[in-house]
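**Student:** below: sequence and its predicted model.
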Amino acid sequence: MRLTGKSSALILALAALAACGRDPDAFYRRGNLAYSRGETMKAIELYTRAVLLKKKFPEALTSRGLAYERVRDTGKAENDYKKAIDMDPSYAPAYNNLGALYLDAGNYEQAGKYLDLALRKDPENPLAMLNRGIVHLKRKDTVAAVNYLTRAIELKKDLALAWFQRAAAYGELRQWPQAVYDMDEFIRLQPRVAQAWFERGRFKFRSGDTVGAIADFNKAVELRPEVSAYRYWRGVAVYRTGYREGALEDAVKAYTLDNGNARARVLAGDIRAAAGDVPGAIAEYEAAAEADPARTEFYSGRARALAGRGRNK
């Protein structure tokens, strides 16, 4: 029997498919592609097939752990990372991912332990440097955080999160020019992240650059108009310029978006008081007390003091 050209092509395709069905690396590559496309459950299935076909495959286990994290199954993710470490104790990404998992959970002691192991296995791993720096930042060891984050940036200039976190560290140290510079770099790499514009605005505000701060808060509000904090801080900055009407508009919008935003109520009260609207200011302070019962005395005291000044007139 002779095969036609079409038959030959079909048999070759089937043979290639059969070969792929036995190739763990092919399943791993397909899993990576599925993960990159957001097809997480499909990626997990493909990584699983890769692991079943290859006894020692820490890369697939680690990738599956990351996929499990995406679907918030942290127990399975932790298990996969530990299996990958047992399978190949030299595989640094598994240590890094496990450390990052503990970091996200707030277990900084365990996070530091595994990130240190990751760096021992691979001293030039920028992600492990980044995560180790974040652990130091969370534990208020800010100078150490800056050192690790600086090294992460040296290893990978386009590691946007390292710039963001180092900016936060410089902010903790009140080194505003360095904080602004680092957030400049983050925004250059990730210009659509509203939080970055907001944080840079706060750094500028605290350094005395009110106009620059307002411009950044404007961008944050443009990107995420529903975030109460962005409106509040823009109101604070605008109020510093003396533009009461604009500041009051932002304060009211901030507490409208978030009824629990007592600070926005106080800001509105202060603006109303400055404009001579004593009843309106007192109403704002009383609303702040309702929103934040833990500080009722502070807000009530503010209202009483204002009422007293009104009577003295």
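**Tutor:** It's in. Numbers count the residues shown, from 1 in each chain.

**Student:** where does the chain have low pLDDT?
**Tutor:** 1-21, 309-313 (pLDDT under 70).

**Student:** now residue 202: which helix or strand?
**Tutor:** According to DSSP states H and E, residue 202 maps onto helix 194-207.

**Student:** C-alpha coordinates for that helix, PDB please?
**Tutor:** What follows is helix 194-207 as a C-alpha-only set of coordinates in PDB (Å, rounded to 0.1, in the frame of the first residue of the first chain):
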ATOM      1  CA  ALA A 194      -1.900  54.800  40.300                       C
ATOM      2  CA  GLN A 195      -0.300  53.900  43.600                       C
ATOM      3  CA  ALA A 196       3.100  54.900  42.300                       C
ATOM      4  CA  TRP A 197       1.800  58.400  41.300                       C
ATOM      5  CA  PHE A 198       0.200  58.700  44.700                       C
ATOM      6  CA  GLU A 199       3.300  57.700  46.600                       C
ATOM      7  CA  ARG A 200       5.500  60.000  44.600                       C
ATOM      8  CA  GLY A 201       3.000  62.800  45.300                       C
ATOM      9  CA  ARG A 202       3.200  62.200  49.100                       C
ATOM     10  CA  PHE A 203       7.000  62.200  48.900                       C
ATOM     11  CA  LYS A 204       6.900  65.600  47.000                       C
ATOM     12  CA  PHE A 205       4.300  67.000  49.500                       C
ATOM     13  CA  ARG A 206       6.500  66.100  52.400                       C
ATOM     14  CA  SER A 207       9.500  67.600  50.800                       C
END
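
**Student:** from the contact counts, what lies against it?
**Tutor:** When contacts are defined as 3 or more C-beta pairs under 8 Å, 6 or more residues apart in numbering; DSSP states H and E, helix 194-207 packs onto helix 160-172, helix 176-189, helix 210-223, helix 228-240. (Each C-beta comes from the backbone N, C-alpha and C, glycine too.)

**Student:** in JSON lines: the ones you listed, plus distance to residue 54 and mean neighbour count.
**Tutor:** Output for the helices and strands packed on helix 194-207, formatted as JSON lines (distance: least, C-beta to C-beta, whole Å; neighbours: other C-beta atoms under 10 Å):
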{"stretch": "helix 160-172", "distance to residue 54": "32", "mean neighbour count": "23"}
{"stretch": "helix 176-189", "distance to residue 54": "36", "mean neighbour count": "19"}
{"stretch": "helix 210-223", "distance to residue 54": "44", "mean neighbour count": "19"}
{"stretch": "helix 228-240", "distance to residue 54": "48", "mean neighbour count": "23"}
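
**Student:** residue 158 in helix, strand or coil?
**Tutor:** Recorded secondary structure, residue 158: coil (DSSP: H, G, I helix; E, B strand; the rest coil).

**Student:** what about it, how many residues nearby?
**Tutor:** Per other C-beta atoms under 10 Å, the neighbour tally for residue 158 reads 11.

**Student:** and the closest residue to it other than its chain neighbours, what does it touch?
**Tutor:** Once flanking residues are discounted, residue 158 sits nearest to residue 189: 6.1 Å by C-beta to C-beta, 6 or more residues apart in numbering. Residue 189 is in contact with 158, 160, 163, counting by C-beta atoms under 8 Å, 6 or more residues apart in numbering.

**Student:** please apply the same query to residue 90.
**Tutor:** Residue 90 makes contacts with residue 121, as judged by C-beta under 8 Å, 6+ apart.

**Student:** if I look at it, how far off is residue 58?
**Tutor:** 9 Å (C-beta to C-beta, to the nearest Å).

**Student:** same question, residue 39
**Tutor:** 22 Å.

**Student:** more neighbours: which of the two?
**Tutor:** residue 58 (21 against 15).

**Student:** pretty sure the more buried one sits against residue 92.
**Tutor:** No - Residue 58 is beyond contact range of residue 92, at 10.1 Å (criterion: C-beta atoms under 8 Å).

**Student:** against residue 123, how distant is residue 139?
**Tutor:** 22 Å.

**Student:** I should have written residue 72 there, sorry.
**Tutor:** 32 Å.

**Student:** just residue 171 next, same as before
**Tutor:** On the measure of C-beta to C-beta, residue 171 and residue 123 end up 28 Å apart.

**Student:** neighbour-wise, which of residue 72 and residue 123 wins?
**Tutor:** Higher neighbour count among residue 72 and residue 123: residue 123, with 12 against 8, using other C-beta under 10 Å.

**Student:** can you report phi and psi for that one?
**Tutor:** phi -60, psi -10 (degrees, to the nearest 10).

**Student:** what distance separates stretch 223-240 from the centre of its chain?
**Tutor:** 19 Å (C-alpha atoms, centre = their mean, to the nearest Å).

**Student:** that'll do, ta.
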